[in-house]
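> Next one to model:
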Amino acid sequence: MPQGQPSVVPQDGLTTRQRRNRPLLMVHTGEMKGKSTAAFGMALRGWNQGWNIGVFQFVKSAKWKVGEESAFKALGQLHEATGEGGPVEWHKMGEGWSWSRKAGSEEDHAADALEGWREIQRRIAAETHDLYVLDEFTYPMKWGWVDVDEVVETLTNRPGHQYVVITGRNADQRLLDAADLVTEMTKVKHPMDAGQKGQKGIEW
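Numbers count the residues shown, from 1 in each chain. Predicted structure coming up:
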């Protein structure tokens, strides 16, 4: 896209404005860090546009408070108080309406992940959010907890004007084929290669 211009103009019968405003299915995958960070950056832009933001974390522990969670909850409160930006919901395992209520077995976690996906399906059908961040959602698909074909069908045929971004390693090829935008984070160098652990403000 030199100078922001698309290299191809499809013969799809849409105007430039219609094509520009078509909601996207996006996937951030690859072995390197930054997949979730980039998705939350998109969510920040969406919030600034007044979008309703829904974040759903499938692997993060409820005890692990990431910086983005605190920041987006504060932005949600700001919206409630002043009307600035948009509403924000943040759900993860062990917190909210479902997810993992105890340590449990793999079967428990699989059932909780499926229940979480069912809730997302209901929200998509109801057109609840403008942007869905399905963080680390590639893992339940890879582990067989959630059916990939069902996910692809639901997201491909979602109604209204709803954006979806999915993060996580080893994204299924069927999901990549269905997506409008796919980014692969490739590692060139990482501090852990030199034995350095994660840092406040960088990893959380």
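> mind listing the helices for the protein?
In the chain, the helices defined using DSSP state H lie at 16-20, 35-48, 67-82, 106-126, 138-142, 148-156, 173-178.
> which residue is nearest the centroid of the protein?
Val133 (2.4 Å; C-alpha atoms, centre = their mean).
> burial of the nearest residue to it once chain neighbours are set aside, as a residue count?
Among residues not flanking Val133 along the chain, Val55 sits closest, at 4.5 Å (C-beta to C-beta, 6 or more residues apart in numbering). C-beta here means a position set from N, CA and C on the backbone, and glycine is covered the same way. As a burial measure, Val55 scores 23 neighbours (other C-beta atoms under 10 Å).
> I figured Val55 hits Phe72, correct?
Yes: proximity of Val55 to Phe72 meets the contact threshold set by C-beta atoms under 8 Å, at 6.6 Å.
> what is in contact with those two at once?
Phe40, Ala43, Val88, Trp90 (C-beta atoms under 8 Å, 6 or more residues apart in numbering).
> which among those end up buried?
Buried residues within the shared contacts of Val55 and Phe72, counting neighbours by 16 or more other C-beta atoms under 10 Å: Phe40, Ala43, Val88, Trp90.
> got a list of what the third one touches?
With contacts defined as C-beta under 8 Å, 6+ apart, the neighbours of Val88 are Trp47, Ile53, Val55, Phe72, Lys73, Leu75, Gly76, His79.
> Would you check which pair of those lies furthest apart?
Val55 and His79 (14.3 Å; C-beta to C-beta).
> now the shared contacts of Val55 and Phe72 as CSV including pLDDT and distance to Phe137?
Formatted as CSV, those follow (pLDDT from 0 to 100; distance: C-beta to C-beta, whole Å):
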residue, pLDDT, distance to Phe137
Phe40, 97, 14
Ala43, 98, 15
Val88, 98, 18
Trp90, 94, 15
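> Of the residues you listed, just say which sits nearest to Val9.
Of the shared contacts of Val55 and Phe72, the one sitting nearest to Val9 (C-beta to C-beta) turns out to be Ala43, at 29.4 Å.
> Make sure the closest one is actually in contact with Glu69.
No: using C-beta under 8 Å, Ala43 is not in contact with Glu69, being 11.3 Å away.
> Spell out which residues are contacts of both of these two.
Counting by C-beta under 8 Å, 6+ apart, the common neighbours of Ala43 and Glu69 are Val55.
> Quick check on the closest residue to Asp180 other than its chain neighbours: phi, psi?
In space, Asp180 comes closest to Leu24 once its chain neighbours are excluded; the distance is 4.3 Å by C-beta to C-beta, 6+ apart. Torsion angles at Leu24 (phi, psi; degrees, to the nearest 10) stand at phi -110, psi 150.
> Give me the buried subset of the contacts of Val88.
Trp47, Ile53, Val55, Phe72, Leu75, Gly76, His79.
> Relative to Gly144, how far out is the last one?
With distances taken as C-beta to C-beta, to the nearest Å, His79 is found 38 Å from Gly144.
> again with the fourth one
Counting by C-beta to C-beta, the gap from Phe72 to Gly144 is 30 Å.
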